[in-house]
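Participant: predicted model, plus sequence, below.
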Amino acid sequence: MAYFKLGTGINVSHWLSQSENRGEIRARQITETDFETIAAMGFEHVRLPIDEEQFYDENLNRYDDAFELLEKAIEWTLENNMNIVVDLHITRAHYFLTEHENTLFSDPAAQQHMIDMWKDLQKFLQKYPTNRLAYELLNEAVAPTHEALNDLEARLISAIREQEPERFIIVGSNWQQSVVTMQYLQVPKNDKNLIVSFHYYNPLFITHYGAWWTPMKDYKDKVEYPGVFAPPAAFYDKLDYKIVNQFKSDEGIWNKEYLLKQIQPCIDKANELGLQLYCGEFGAYPYYLDKEPRLNWYRDVCAIFREHNIANAHWCYKGDFPIVDDDLQPNEIPEILLGK
């Protein structure tokens, strides 16, 4: 079976994606030194999120400065003996945060636009070896039905295969590449150059404790991992019902065995399809939660990845879940990620 080596990697985020920086500020934000630092720590690949609005105008005319940075990022990755995943993270018609209005799955023109965009990206990327660079079609899709996502991914794969039958393509399941929707993922038969991807941030009371953009921002009680999560009943009285549901879904006993139980459907799906399994994002917000439960969670998740041969990429390098400080010195996370 064909194979694209992923191993343990890192997301270089909030640079060519989810950032307002442009011009010299953007060019200085991530440099060759960063890729050398990532390689020196021992990572085997980089997942590089990119956003449509940074690379194209609405008529798919390229912004040359962004493509120049993309080319540098790829070259710096390959020169440092790492592989790279180019991840189409956000498009004008699709943003993975569910409160945004997405038109990708309701507008046929938006779908054709995305196919055309990938065919143009392909023209730029296809010069790179198929065993060193892979394409990720769409980050954390939020489709109205699983069939709608499966159909669009099949169309995208077919379009790319016209020129590149050997290129590795990463596909994920619906509702933000969740473990609970992996069972509904369908891929073209007999295409062994696909990689199945999921993301894992469970439970949110550990991974997003204090994170300002989530329901966890207002939760102040002490939590443990491994342990039991059961917020006091009076706490729920203060919350919107949608947030209450999020907290209640996390109630219970959390430990390594339960994490594996959640991830098992992804392992089963990859085995069923005979494809490599990849956790393209996971991580824990480091600023408010006590260190011990956070690091315990990392140790269990990474142990599961190693024990079940799951390639993975931590979210992220310098962004909201950083593994280095301002001087590019590693914190305690890289050693856990790399099993050192």
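Facilitator: Okay, I see it. Numbers count the residues shown, from 1 in each chain.
Participant: wait, a helix at Val244?
Facilitator: Yes. Per DSSP: H, G, I helix; E, B strand; the rest coil, Val244 lies within a helix segment.
Participant: ok now do it, which residues does it touch?
Facilitator: Shown in contact with Val244 (C-beta atoms under 8 Å, 6 or more residues apart in numbering): Tyr236. The C-beta positions use only the backbone N, C-alpha and C, and glycine is treated the same way.
Participant: distance check, it against Ala234.
Facilitator: Distance, Val244 to Ala234, using C-beta to C-beta, to the nearest Å: 12 Å.
Participant: and what of Leu277?
Facilitator: 42 Å.
Participant: neighbour count winner among those two?
Facilitator: The neighbour count for Leu277 versus Ala234, taken as other C-beta atoms under 10 Å, is higher for Leu277 (24 against 7).
Participant: how about the secondary structure of that one?
Facilitator: Assignment for Leu277 (three-state DSSP): strand.
Participant: could you pull out the helices for the stretch 1-150 of the chain?
Facilitator: Applying DSSP state H, counting those that start in this stretch to the stretch 1-150 of the chain gives helices spanning 23-29, 32-41, 52-55, 64-79, 108-125, 146-161.
Participant: which stretch among these comes nearest Pro334?
Facilitator: helix 32-41 (4.9 Å; C-beta to C-beta).
Participant: how far does the closest one sit from its chain's centre?
Facilitator: 20 Å (C-alpha atoms, centre = their mean, to the nearest Å).
Participant: give me the contacts around that helix.
Facilitator: 10, 12, 46, 72-73, 76-77, 79-82, 317-318, 323-324, 328, 330, 334, 338.
Participant: run the last query once more with 6 Å
Facilitator: Ile10, Trp76, Thr77, Asn80, Met82, Leu328, Pro330, Pro334 (C-beta atoms under 6 Å, 6 or more residues apart in numbering).
Participant: please pick the buried ones from these.
Facilitator: Buried by 16 or more other C-beta atoms under 10 Å: Ile10, Trp76, Thr77, Asn80, Met82, Leu328, Pro334, out of the contacts of helix 32-41.
Participant: alright, that wraps it up for me.
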